[in-house]
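Trainee: Below is the sequence, then the predicted model.
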Amino acid sequence: MKELILFTIKDIIKNKVIIAYTLFLLVTTLVLFSLEDNSGKAILGILNTILIVTPIITLIFTTIQYYNSYEFIELILSQPISRISVIISEYVAINIALIMAVAAGMGIPLLIFSPEKEALWLLMISVFLTLSCSAIALLISVYIRDKAKGIGTSLLIWFYFNFIYDGIILLILFTFSEYPLEKPTLALIALNPIDLARVTVMLQLDISALMGYTGALYKDFFGSMTGIFFSMGCFALWIIIPLWITIVHFGKKDL
């Protein structure tokens, strides 16, 4: 399994998408820090970029990588290697490559220009976002045999998390505005890893006052140890559940 992971990583890190992703994060981070005197504003700008770019790159790259590796996976499975080892190796290798890109492109500049807890939170949340989105993408790829449909579904998932979900939340808040919905929104945030990442990092920047009473509620919750464990637990579920379903289905799938 270790040899399979190393072989896959060597193949992935040569990919132009990974190189372009690393350079994009590096240039964006350096530009934002050079334009902003306040490191907090720069981190907020990086956060907004990460919430859009990281999920779509992770979803699409993982999906394409799986389909491009399909023949290789069939070849490996003809050997005395378990299916669980193969699919886990694919997941681990993809994430190591993507996390290396995040660490090199965004992590190093963050540690140089803003070696504070906010920057570490942003880096950590980016890693969790990568792990969760890649697990979702791998689940889509394993379930959908057609490459075009798989990529289209991944794009639809990204569009839903970034735009449609927020619209649904606003509709719920507007429709039931007469009711106290502050606490239910805490549960709703957990249903979207991108929103969860946004709220977690923004509250570490201590700008909850700009979010009104709801922001104060989020600060009281997510700023506490309970809130931190809640965030990490939700991200863990977004990783474990899709990956577990993927492993179960891949083990029964007729290749």
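Mentor: Okay, I see it. Numbers count the residues shown, from 1 in each chain.

Trainee: All the helices of this protein, in order from the start?
Mentor: Using DSSP state H, the helices of the chain run over 2-12, 16-35, 39-68, 70-77, 83-102, 108-113, 117-143, 147-159, 165-175, 182-189, 193-204, 212-222, 225-252.

Trainee: buried residues in the third one?
Mentor: It stands for helix 39-68. Of the residues in helix 39-68, 39-40, 42-47, 49-51, 54-67 count as buried by neighbour count, 16 or more other CB atoms under 10 Å. For every residue, glycine as well, the C-beta is placed using N, CA and C.

Trainee: the bottom helix or strand of this protein by mean pLDDT?
Mentor: Lowest by mean pLDDT, DSSP states H and E among the helices and strands of the chain is helix 212-222, with a mean of 53.

Trainee: which stretch in the helices of the chain is the model least sure about?
Mentor: Here the lowest mean pLDDT among these goes to helix 212-222, at a mean of 53.

Trainee: State the distance from the most far-flung residue of the chain relative to its centre to residue 38.
Mentor: Distance from the C-alpha centroid of the chain, by CA atoms, centre = their mean, peaks at residue 178 (34.0 Å). Distance, residue 178 to residue 38, using CB to CB, to the nearest Å: 39 Å.

Trainee: and if you look at residue 85?
Mentor: Separation of residue 85 from residue 38 (CB to CB) stands at 48 Å.

Trainee: what about those two, which has more around it?
Mentor: residue 85 (15 against 9; other CB atoms under 10 Å).

Trainee: how many neighbours does residue 69 have?
Mentor: 20.

Trainee: what pLDDT does it get?
Mentor: For residue 69, pLDDT reads 87.

Trainee: List the residues that contact it.
Mentor: 8, 90 (CB atoms under 8 Å, 6 or more residues apart in numbering).

Trainee: Got the phi and psi for it?
Mentor: Dihedral pair for residue 69: phi -100, psi 10, per degrees, to the nearest 10.
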